[in-house]
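# Here is a sequence together with a model predicted from it:
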Amino acid sequence: MFAAAAAAAPHIAARLLADGLVIHDDYLDAVETRAIADCARRRYDRGEFAPAGIGPAGGALRREDLRGDSTCWLAAPLTEAEAQLLAAFEALRLAVNRDGLMGLFDLEMHYSRYPPGAQYARHVDQPQGHGQRRVSVVLYLNANWPADAGGALRVFDADAAHRDIQPIGGRLVCFCSAGREHAVRPARSVRLALSGWFRTRE
């Protein structure tokens, strides 16, 4: 599994370094998407998800009007599917480092589950004073997502314009984290994704 995802790493890295944002459809095929979504659902059923907060780690506050998802950090023990997917992301990290000399040394990831109506207000992934997060990645796990179901990732440009990216299963979105404002729009169905950041040491 995930051979095509690993093979796409040089192409995704080149587009990221050229444009700062990449939307790569079919990063996972339908079978792979379902396998990872099933991993998330099993973790949810086991009670491994927790309500997400806003603010610095250790002092985050729950504000459902600003952020309504629950999250589960991708940590051991991993399933075989999760381990293989992380290997594909490792190929992407190496490709970005090789071509962009970004010094990325690890990846932190979590599942995020938005119930119907939940959102995440406009924010950045690299808050002031915390510059380790350099590349944000979002992998959508929503099979057969209808075009009118909502839940778009709204990405803002420097000129205050924005684009909406639908959370279609198997779609990967990568963008340079610094200064990139974005938000999650409310959806009419449960919205599931795997989100994270390639980080530098400082």
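All right, it came through fine.
# Could you check how far the residue lying farthest from the centre of the chain is from residue 123?
The C-alpha centroid of the chain is most remote from residue 159, which lies 23.8 Å away (C-alpha atoms, centre = their mean). To residue 123, residue 159 is 19 Å away according to C-beta to C-beta, to the nearest Å. Every C-beta, even on glycine, is put in place using the N, C-alpha and C of the backbone.
# what residues are up against residue 202?
Shown in contact with residue 202 (C-beta atoms under 8 Å, 6 or more residues apart in numbering): 131, 132.
# If I look at it, what pLDDT would I see?
For residue 202, the pLDDT comes out at 74.
# Tell me which other helices or strands the longest helix belonging to the chain touches.
Scanning the chain for the helix with the most residues, using DSSP state H, yields helix 80-100. Here helix 80-100 touches helix 3-7, helix 9-19, helix 30-45, strand 106-114, strand 133-140, strand 191-199, going by 3 or more C-beta pairs under 8 Å, 6 or more residues apart in numbering; DSSP states H and E.
# Dump the C-alpha coordinates for the shortest one into PDB.
Coordinates of each C-alpha in helix 3-7 appear next as PDB, following Å, rounded to 0.1, in the frame of the first residue of the first chain:
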ATOM      1  CA  ALA A   3       3.500   3.100  -3.200                       C
ATOM      2  CA  ALA A   4       1.900   5.700  -5.400                       C
ATOM      3  CA  ALA A   5       2.000   8.200  -2.500                       C
ATOM      4  CA  ALA A   6       5.700   7.700  -1.900                       C
ATOM      5  CA  ALA A   7       6.400   7.900  -5.600                       C
END
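# Beta-bridge partners for residue 156, please?
As for beta bridges, residue 156 partners with residue 162 under DSSP bridges.
# Contact partners for it?
Applying C-beta under 8 Å, 6+ apart, the residues near residue 156 are 122, 162, 180, 181, 182, 183.
# returning to what we had before: do you know how far the residue farthest from the centre of the chain is from residue 181?
Residue 159 sits 12 Å away from residue 181, going by C-beta to C-beta.
# so residue 71 touches residue 112, yeah?
Yes - using C-beta atoms under 8 Å, residue 71 is in contact with residue 112, at 5.2 Å.
# what is in contact with the two at once?
Taking C-beta under 8 Å, 6+ apart as the contact rule, the neighbours common to residue 71 and residue 112 are residue 52.
# neighbour-wise, which of the two wins?
residue 112 (24 against 17; other C-beta atoms under 10 Å).
# shouldn't the more buried one be in contact with residue 68?
No - Residue 112 lies out of contact with residue 68 (C-beta under 8 Å); the separation is 10.3 Å.
# Any idea how many residues pack against residue 155?
Residue 155 sits with 18 neighbouring residues when counted by other C-beta under 10 Å.
# what's near enough to touch it?
21, 162, 163, 164, 165, 175, 180, 181, 182.
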